[in-house]
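Novice: This is a predicted model, with the sequence first.
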Amino acid sequence: MPMVATMKPYTLFVVDDDMPLNPRTDYDNLGKMVCWHSRYNLGDEHDYDEPRDFLQKKLFEMYDVYDRVARLDETIAFLSTEIDERRLPFEMKTQVDVLQRERDNIIGTQITEEEYNFVNEYRGLILRLKRQ
């Protein structure tokens, strides 16, 4: 049954939609919506039994990316020191620049600076969880 509201000069009609669209399945989405509810199906389908499983997986994925960036940081620092102290030729500087661009690309596309700092701060705890 339609509802009508009028406020001059406008009139609003509210009617039931016989074929409503589901924005999670009928449109492209930027990400995955993960929800848990005992009576409703919310968000996208997933295989996580509880929120802890989802958070743990995401945390471990962030750690793996963090580990790659940390190794790049160590390599960049080592090579830069060796070049500065003239144990390696200055031409190696271009290789360091390539590594720096790769690091910046990872930070920009796979992990944010905030996530990187979070994992850096709690990496010991994350590693203990990962070993369980």
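Specialist: Perfect, I can see it now.
Novice: CA only for contacts and neighbour counts going forward, please
Specialist: Will do.
Novice: Check the burial of Arg103 by counting its neighbours.
Specialist: Neighbour count for Arg103, taken as other CA atoms under 10 Å: 18.
Novice: Make sure it is actually in contact with Val69.
Specialist: Yes. Using CA atoms under 8 Å, Arg103 is in contact with Val69, at 5.9 Å.
Novice: How about the secondary structure of the most centrally placed residue in the chain?
Specialist: The structure's the chain has its C-alpha centroid closest to Ile111; by CA atoms, centre = their mean the separation is 5.9 Å. Secondary structure, DSSP: H, G, I helix; E, B strand; the rest coil: Ile111 is coil.
Novice: And the worst-scoring helix or strand of the chain on mean pLDDT, how far out from the chain middle?
Specialist: The least trusted helix or strand in the chain, going by mean pLDDT, DSSP states H and E, turns out to be helix 23-26, with a mean of 85. Computed by CA atoms, centre = their mean, to the nearest Å, the chain-centroid distance of helix 23-26 equals 21 Å.
Novice: Do a quick rundown of the helices in this protein.
Specialist: Counting by DSSP state H, the chain has helices at residues 23-26, 51-84, 93-109, 113-131.
Novice: So which of these is nearest Val14?
Specialist: Closest approach to Val14 among the helices of the chain (CA to CA): helix 23-26, 20.0 Å.
Novice: dump the residue contacts of Arg103.
Specialist: Listed by CA atoms under 8 Å, 6 or more residues apart in numbering, the contact set of Arg103 reads 69, 72-73.
Novice: Of these, which is the most crowded?
Specialist: Among the contacts of Arg103, the one with the most neighbours (other CA under 10 Å) is Val69, at 21 neighbours.
Novice: burial count for Leu21?
Specialist: Neighbour tally, Leu21, other CA under 10 Å: 10.
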